[in-house]
Structures are given as C-alpha cells and as structure tokens.
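Novice: Next input, structure requested:
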Amino acid sequence: MRLRNIPRAEGTIRMHSTVIKRPEDQKGCWAQVFGNKHPIRIEIGMGKGRFILNMAKEHPEINYVGIERYSSVLLRAVEKYDTDEFKDLKNVRFVCMDARRIEEVFAKGETDRIYLNFSDPWPKARHARRRLTSTEFLERYSKILAPYGMLEFKTDNTELFNFSLEQLKEAGWTIRDFTYDLHHNEEMNRGNIMTEYEEKFSGVGNPINKLIAIRK
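Specialist: Residues are numbered from 1 along each chain as shown. Now for the predicted structure:
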C-alpha cells in the first residue's frame with residue numbers, strides 16, 4: 001500500500017518533544033533520555049501508536065521507545081500523544097528510522113523486550129529477508145536485548161506466523177508460548193492491548209496469532 005505524503009509531517013515531528021532527532025547519539029544512553037533506570041522496551045513498526053501509548057499509560061514503571069519508518073505514520077502517533085489521554089506521559093519516546101539501523105541506536109543489553117505487531121508480511125519469497133522476524137533481523141535483536149530478553153509478535157497472517165516460528169527455531173531462540181487464536185486463549189490474552197490493525201482484523205473474524213520468544 002502506498003502511503004500518502006503529508007506535507008506537515010516532517011516539521012511536526014522535528015519539533016515534537018517526544019521524538020528523538022538523532023537516535024544514534026543516544027546509543028548506550030537511553031537511561032539518561034528518560035532520566036531513570038527503568039527497563040526499556042521497544043516497539044518496531046508502531047504504526048499510529050495506539051499499542052505503545054496504552055502500554056506506557058498502563059505501565060509507568062517501564063520506558064517505551066516506538067520506532068516507525070514513515071514520517072506520515074509517525075505523525076499520527078505524535079498527534080495521538082498530544083490528546084488529553086496521553087499528553088502527560090513521561091515514559092515514551094518516538095524514533096523515525098529504518099529498523100535495519102537498530103544496532104546503531106541501542107547498545108548491547110539496553111532493552112529487555114521487543115514488540116512486533118502486525119508487521120509487513122513481505123509475501124514474495126525473494127523478500128523474506130525483509131520480514132522483521134527473519135533470522136537476519138533476529139540477529140540484530142540479539143545484539144541489543146539483555147540476556148533472556150523477550151520478543152513478542154502478533155499478526156493475523158498465519159503464513160508469516162509459521163515462518164516466524166521456524167526462523168526463531170533456526171536462530172536458536174526459545175519459544176516460550178504461542179497461539180493461533182489469541183483472543184480465545186485466556187492466559188495469553190490476559191492484559192492484551194490491541195493495536196488498530198488487531199481491532200480491525202479481529203472485528204471481521206480473523207484469528208490473531210501471537211508468540212513469545214526468549215533470547216538464549
């Protein structure tokens with residue numbers, strides 16, 4: 001799907017207090033960015049920000065960094081942040097960047113959890129390396145996660161989900177739990193915060209897949 005360019009996006013993002021303009025300068029220093037030593041968790045491909053903002057609201061003892069590649073999408077997240085519901089949150093920051101650069105932005109062990117929600121499935125086989133759960137990306141995550149750090153992944157795309165399970169096994173991760181029907185799995189759905197896509201897809205009857213994997 002081609003994203004619509006929004007002329008004001010770049011300027012709004014550049015001026016917004018929650019957006020880290022030179023994230024590579026913060027490598028190894030994210031505790032100073034937040035002004036505390038709370039755990040740092042990352043959502044890659046955060047879209048319009050519903051998931052990460054609600055996580056930050058419910059868990060003030062955790063710091064969250066939302067990564068989004070496209071400024072026109074990140075704009076929606078910062079606009080959501082500016083609403084009365086979220087504008088006082090101190091434990092969330094946003095970064096506009098390609099996830100392939102993640103090792104340039106976070107130091108070894110600097111995060112203890114990574115969230116991937118409804119990532120682009122890149123359905124063509126020749127594009128498999130671009131999938132955020134490919135072994136290529138899993139290697140990147142391993143370099144910034146703390147020992148026994150976790151990856152949580154949700155999608156309605158069962159083909160991508162099966163691919164992800166296989167890639168995790170190939171990369172030597174431990175799959176702690178998984179389900180092909182999250183909303184009917186009481187244990188895994190406890191405390192679940194839905195994304196915009198999750199609400200849309202589940203609303204038309206699509207089951208939601210989720211896995212939790214641990215870096216060895």
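Novice: In space, not sequence, find me the middle residue of the protein.
Specialist: Centroid check for the chain by Cα atoms, centre = their mean gives E43 as the closest residue, at 1.9 Å.
Novice: What about the closest residue to that residue other than its chain neighbours, how many residues nearby?
Specialist: Nearest residue to E43, sequence neighbours excluded (Cβ to Cβ, 6 or more residues apart in numbering): Y115, at 4.3 Å. For the C-beta atoms, the positions are set from N, CA and C on the backbone; glycine is no exception. Residues contacting Y115 under the criterion other Cβ atoms under 10 Å number 22.
Novice: Okay, and the residue nearest to the centre of the chain sits in which element?
Specialist: Element membership for E43, per DSSP states H and E: strand 40-44.
Novice: ok, now K169?
Specialist: Per DSSP H and E, K169 falls inside helix 158-170.
Novice: would you say F94 is within a strand?
Specialist: Yes: under DSSP: H, G, I helix; E, B strand; the rest coil, F94 falls within a strand.
Novice: Need the pLDDT of it.
Specialist: pLDDT for F94: 98.
Novice: State the distance from it to S119.
Specialist: 18 Å (Cβ to Cβ, to the nearest Å).
Novice: One more: I102?
Specialist: 14 Å.
Novice: hey, what's in contact with both of these two?
Specialist: I44 (Cβ atoms under 8 Å, 6 or more residues apart in numbering).
Novice: I67 belongs to a strand, doesn't it?
Specialist: Yes: counting by three-state DSSP, I67 is found in a strand.
Novice: per-residue confidence for it?
Specialist: Confidence score, pLDDT, at I67: 98.
Novice: what's the answer for E10, then?
Specialist: Note for E10: predicted pLDDT of 81.
Novice: and the strand or helix carrying it, which residues are buried?
Specialist: Element membership for E10, per DSSP H and E: helix 9-15. Buried positions in helix 9-15, judged by neighbour count with 16 or more other Cβ atoms under 10 Å: 9, 12-13.
Novice: Show me what it is packed up against.
Specialist: When contacts are defined as 3 or more Cβ pairs under 8 Å, 6 or more residues apart in numbering; DSSP states H and E, helix 9-15 packs onto helix 71-81.
Novice: in the helix it packs on, what's buried?
Specialist: 71-78, 80-81.
Novice: Farthest-apart pair in the residues you listed, please.
Specialist: S72 and Y81 (15.8 Å; Cβ to Cβ).
Novice: Residues in contact with stretch 106-118: which ones?
Specialist: With Cβ under 8 Å, 6+ apart, stretch 106-118 has contacts from 27-28, 30, 39-47, 51-52, 65, 132-133, 141, 143-147, 149-156, 195, 197-198, 201.
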